[in-house]
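Participant: make a model of this:
(chains A, B, C and D)
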2 protein chains.
Amino acid sequence: MCVMHLCMNWDAISFDWNQARAFLATAEEGSLSGAARVLHTTQPTVGRQVSALEAALGVALFERVGRGLALTPSGAEVLEEVRAMGDTAARVSLVAAGRNDTVAGKVAISVSDMMAIHVMPDILGALAKAEPELEIELIVTNDISDLLRREADIAVRHMAPTEPELIGRELTGSKARFYASEGFVQRHGNPRTMADAQDMPFIGFGPPEDMARELGLRGINLPAGSGRLYSKTIFAAWQMVCAGLGIGIMADDIAARSSGIVPVLAEEEVMPVDLWIVTHRELRHSRRIRLVWETLLERLGG
Amino acid sequence: MCVMHLCMNWDAISFDWNQARAFLATAEEGSLSGAARVLHTTQPTVGRQVSALEAALGVALFERVGRGLALTPSGAEVLEEVRAMGDTAARVSLVAAGRNDTVAGKVAISVSDMMAIHVMPDILGALAKAEPELEIELIVTNDISDLLRREADIAVRHMAPTEPELIGRELTGSKARFYASEGFVQRHGNPRTMADAQDMPFIGFGPPEDMARELGLRGINLPAGSGRLYSKTIFAAWQMVCAGLGIGIMADDIAARSSGIVPVLAEEEVMPVDLWIVTHRELRHSRRIRLVWETLLERLGG
DNA sequence: GAGGTTTCAAACGAAATTGCATGAGATCTA
DNA sequence: TAGATCTCATGCAATTTCGTTTGAAACCTC
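Facilitator: Reported below is the predicted structural model:
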C-alpha cells in the first residue's frame, strides 16, 4: 500500500493489541477457556479482554449463546483482519528469534524416533554440558515438522527442503540395507536376492504403498503382499524386526547397535540414507540456533 | 502465505503485542518521549515496555546513545515486521469502525475553509442537537485529506474520488462566477468580458499555474500576470476580494453572504461547482458515519 | 433423568503496571 | 562557558489488571 510513513495515524492503532490477540485466540479456539489455555492465562482474563475490546471498538464480536460463543457477522469481519495481524506478529517473532543473540533460551529440534533414541542423546548431552543456559526441546516425529509455522527451529530430515524459506545442509548419511533377526534367518534362511524372499514378511516404516514406491525408485521391488506389518513409529517397526517378525530396512550404524541382527538380501542394492539438517532462513543467524546447527553438523558429519 | 489455520502456532505470538506497539511508536517518533505523546501515555511506561520487549525477544532493539535512541540493525529488521503489524492493526480499526453500530463516538469531517465557515455551522449545530452523543471533529484543510489513512472519516471534496477504496456521492453544487467588491468596480469599472479585464488583478485560490490550468479547462483564459495575489486559504483570498484588491471566483451562495460584493465579467461562462462527499468503503455502513453522511446529503443537496 | 464435564460470569485479594516526580546526561543557543 | 531545553533512567504511590475461587447454566453420556 503506502510505504511512506511520514505521519502515522496513531489513533487508528490505539486500541489494546493484547485484547486483539485475546479475541483472535478466542475465535480460533472457539471458546474463552480454549483461548486461555493457548495463551497461558485464565478464562476470566480472556473474557474481560474480549469484552473490553468489544467496548473499545463499539462492535459486538461474539454472541453469548449458552455455553460457548458465536461470532457475529461483524466479529467475523474483524477476525479476518486480526488474523492478518496475528500472521504479521508471527513474523515479528520469527525475525526477532533470528536476531536473538543470547545463548540462553529454547531450541526445538525435530528428529525421527530412531535418531532420538540412538544418536541424539550423546549430542544433546554434550550440548547441555557445554552450554548450561541452552534449553532444548526434542520433538520426535516421523512426519516432516512444519518449520514454516515454527513447530521446530531445526529439523533433521531425510530429504532436502523444498520450501524457499528454508535452508538445508546435506550430511554424510550412512548406508542402509535389509536386516533380519538371527532367529528369523534360522527359521527362514538368509535370502540373497529379492526372488529368494518372495514369500517372506517385510516390516514397513509406513503404509505399504509408500514403502513400495520409495524402494521402487531405487530399483528394488518388494514382493506383493509384503509389508502388512508396519508402523510409522520406526522404533516400533524395528522392534518387530528384532523380534523376528520379518525383514526390515535400517541404517547400518543404527542396526549395529541392536544385537542379534544380521544383514540379509546381500545381493540387493545398498541404499544411501539421505540426511539433511534444515532450518528457517530467518533463524540461520541466531547465535543460539547456529550453535546447535554447528554441533549437529559436526557430530552428524558435515 | 497460508490461509489454512488448522492449528495456530500460539507460542510465536505470545509476546506482548502492546510492547510491540510501544516499540513501533518509539522507532517512528524517534524517542520514548515522542512515542509517549502519540500513545497518550508517559515516557517511563513506553521505556519500560520497550525494554521488556527487548528482554522477551532477546534482541537489542535500541542503542542508548546520549539523548535519544538509535535503532540497532536487529531493531531495524524487527521494525519492518512490526510496521506491517501496525498496518494490519489500522485495518482492524478500520473495519471495526465500519461495523460500529453505536451513535456515540467521533466522526471527523474534512472540509474546505469556506465550507467550514459558511455552511458547516448550521449543519453541525443541527447534528449536535439531534444526536447529543455524537462527537464531531471538523478538519479544515484545502488539501484533500487522506481518507485512506483515516485522517478524516468523511470529506467534502470538489472532485470525485479516484481511489477504489473510497466511495463518493455527487451533490448538487451551486454555480460559481467572478466577483469583485463594490469599491473595486467603482474604481476599475465592471468588466463584461475577459478582454475588458486584461489589466485587472485577480485573486487566486492557489498558485497561478494551477488556477490558470483549472480555468483553462473550462474555456476561460486569465490574463497573463494576473493572480499574483493568492492564498490557499480560500477565506483569506476571499477577504482580499472583499477588500477590493481584485477579482475572484466564488460560489454564488457563499458570495451572497458577503455584503458589498457584486458579480463581474457577466458575459463569461458561469462555472458549476463540483461537490462530492466521500468516505471509506469500509466505513460506509457504520451507523454513526451513515448518520452524518445522510445529514450532509440532505443539507447540502443530494 | 442423574451425574459428570464442559462452558461463561461475578467477587475478592494479590500482583503487576502505570503515572508522577525527580535526577543525570547530552545538545543547542547565546 | 553558562543557561535552557531536550533526552532517558529511577523511586514511590496509586490504580489497574490479573488470578483464584465460586456459582449457574448448558451439553454429553450413561
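Participant: who are the contact partners of A:Val82?
Facilitator: Residues in contact with A:Val82 (C-beta atoms under 8 Å, 6 or more residues apart in numbering or on different chains) are A:20, A:23-24, A:27, B:92. For the C-beta atoms, the positions are set from N, CA and C on the backbone; glycine is no exception.
Participant: helix, strand or coil: sort out A:Arg169 for me.
Facilitator: For A:Arg169, the assignment made with DSSP: H, G, I helix; E, B strand; the rest coil gives strand.
Participant: okay, and the nearest residue to it once chain neighbours are set aside sits in which element?
Facilitator: Of all residues not flanking A:Arg169 in the chain, A:Ile277 sits nearest, at 5.6 Å (C-beta to C-beta, 6 or more residues apart in numbering or on different chains). Using DSSP states H and E, the element containing A:Ile277 is strand A:276-280.
Participant: and that strand, which strands flank it?
Facilitator: Paired with strand A:276-280 in the same sheet, following DSSP bridges, are strand A:154-157 (antiparallel), strand A:166-170 (antiparallel).
Participant: what residues does chain A put near DNA strand C?
Facilitator: A:26, A:31-34, A:43-44, A:47, A:51, A:64, A:67-69 (C-beta under 7 Å from any atom of the strand).
Participant: just the buried members of those residues?
Facilitator: By neighbour count, with 16 or more other C-beta atoms under 10 Å in any protein chain shown, these hold A:26, A:31-32, A:34, A:47, A:69 as buried.
Participant: ok, the closest residue to DNA strand C within the stretch 201-302 of chain A - contacts?
Facilitator: Residue nearest to DNA strand C within the stretch 201-302 of chain A: A:Arg288 (24.0 Å; C-beta to the nearest atom of the strand). Shown in contact with A:Arg288 (C-beta under 8 Å, 6+ apart): A:100, A:102-105, A:107, A:134.
Participant: most neighbours out of the residues you listed, which is it?
Facilitator: Of all these, the highest neighbour tally under other C-beta atoms under 10 Å in any protein chain shown goes to A:Val107, namely 23 neighbours.
Participant: phi, psi of that residue?
Facilitator: Main-chain dihedrals, A:Val107, degrees, to the nearest 10: phi -130, psi 130.
Participant: in JSON lines: the residues of chain A next to DNA strand C, plus secondary structure.
Facilitator: Compiled in JSON lines, the residues of chain A next to DNA strand C are given as follows (three-state DSSP):
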{"residue": "A:Thr26", "secondary structure": "helix"}
{"residue": "A:Ser31", "secondary structure": "coil"}
{"residue": "A:Leu32", "secondary structure": "helix"}
{"residue": "A:Ser33", "secondary structure": "helix"}
{"residue": "A:Gly34", "secondary structure": "helix"}
{"residue": "A:Gln43", "secondary structure": "helix"}
{"residue": "A:Pro44", "secondary structure": "helix"}
{"residue": "A:Gly47", "secondary structure": "helix"}
{"residue": "A:Ser51", "secondary structure": "helix"}
{"residue": "A:Arg64", "secondary structure": "strand"}
{"residue": "A:Arg67", "secondary structure": "coil"}
{"residue": "A:Gly68", "secondary structure": "coil"}
{"residue": "A:Leu69", "secondary structure": "strand"}
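Participant: helix or strand right after the strand holding A:Ile277?
Facilitator: Heading C-terminal from strand A:276-280, the first helix or strand you meet, by DSSP H and E, is helix A:287-300.
Participant: can I get the CA coordinates of that next one in CSV?
Facilitator: Extracted in CSV, the C-alpha atoms of helix A:287-300 (Å, rounded to 0.1, in the frame of the first residue of the first chain):
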residue,chain,number,x,y,z
ARG,A,287,23.5,-17.3,17.8
ARG,A,288,21.6,-20.0,19.7
ILE,A,289,20.4,-21.7,16.5
ARG,A,290,23.8,-21.5,14.9
LEU,A,291,25.3,-23.1,18.0
VAL,A,292,23.1,-26.1,17.8
TRP,A,293,23.4,-26.2,14.0
GLU,A,294,27.2,-26.3,14.1
THR,A,295,27.1,-29.0,16.7
LEU,A,296,24.7,-31.2,14.8
LEU,A,297,26.8,-30.6,11.7
GLU,A,298,30.0,-31.7,13.5
ARG,A,299,28.5,-34.7,15.3
LEU,A,300,26.4,-36.0,12.5
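Participant: pull out the buried positions in that helix.
Facilitator: For helix A:287-300, the buried set under the neighbour-count rule, 16+ other C-beta under 10 Å, comprises A:288-289, A:291-293, A:295-296, A:299-300.
Participant: picking up where we left off before, tell me the one of the contacts of A:Arg288 nearest A:Ala12?
Facilitator: Distance to A:Ala12 across those (C-beta to C-beta) is lowest for A:Asn100, with 30.6 Å.
Participant: so the closest one makes contact with B:Ala60?
Facilitator: No - counting by C-beta atoms under 8 Å, A:Asn100 does not reach B:Ala60; the two are 10.1 Å apart.
Participant: what are the bridge partners for A:Ala176, then?
Facilitator: On the basis of DSSP bridges, A:Ala176 is bridged to A:Ala251, A:Met271.
Participant: count of neighbours near it?
Facilitator: Counted with other C-beta under 10 Å, A:Ala176 comes out at 18.
Participant: how close does it sit to A:Phe205?
Facilitator: A:Ala176 sits 11 Å away from A:Phe205, going by C-beta to C-beta, to the nearest Å.
Participant: hey, what's in contact with both of the two?
Facilitator: Taking C-beta under 8 Å, 6+ apart as the contact rule, A:Ala176 and A:Phe205 both touch A:Ile249.
Participant: residue of the stretch 201-302 of chain A nearest chain B, please.
Facilitator: Nearest to chain B in the stretch 201-302 of chain A, going by C-beta to the nearest C-beta, is A:Arg288, at a distance of 8.3 Å.
Participant: so which residues on the stretch 51-200 of chain A come close to chain B?
Facilitator: A:57-60, A:74, A:77-78, A:80-97, A:99-102, A:104-105, A:148-151 (C-beta under 8 Å from any C-beta of the partner chain).
Participant: so which of the residues you listed belong to strands?
Facilitator: Using DSSP state E, the members of those that fall within strands are A:Gly105.
Participant: any of the residues of the stretch 51-200 of chain A next to chain B buried? List them.
Facilitator: Among these, the ones that count as buried by 16+ other C-beta under 10 Å are A:57-59, A:74, A:77-78, A:81-97, A:99-100, A:148-151.
Participant: hmm, A:Ile139 is touching A:Val107, no?
Facilitator: No - using C-beta under 8 Å, A:Ile139 makes no contact with A:Val107, being 10.7 Å away.
Participant: tell me where the stretch 101-250 of chain A has helices.
Facilitator: For the stretch 101-250 of chain A, the helices defined by DSSP state H, counting those that start in this stretch cover A:113-118, A:120-130, A:182-188, A:208-217, A:234-242.
Participant: please compute how far the fourth one lies from its chain's middle.
Facilitator: Its chain's average C-alpha position is 22 Å from that of helix A:208-217, according to C-alpha atoms, centre = their mean, to the nearest Å.
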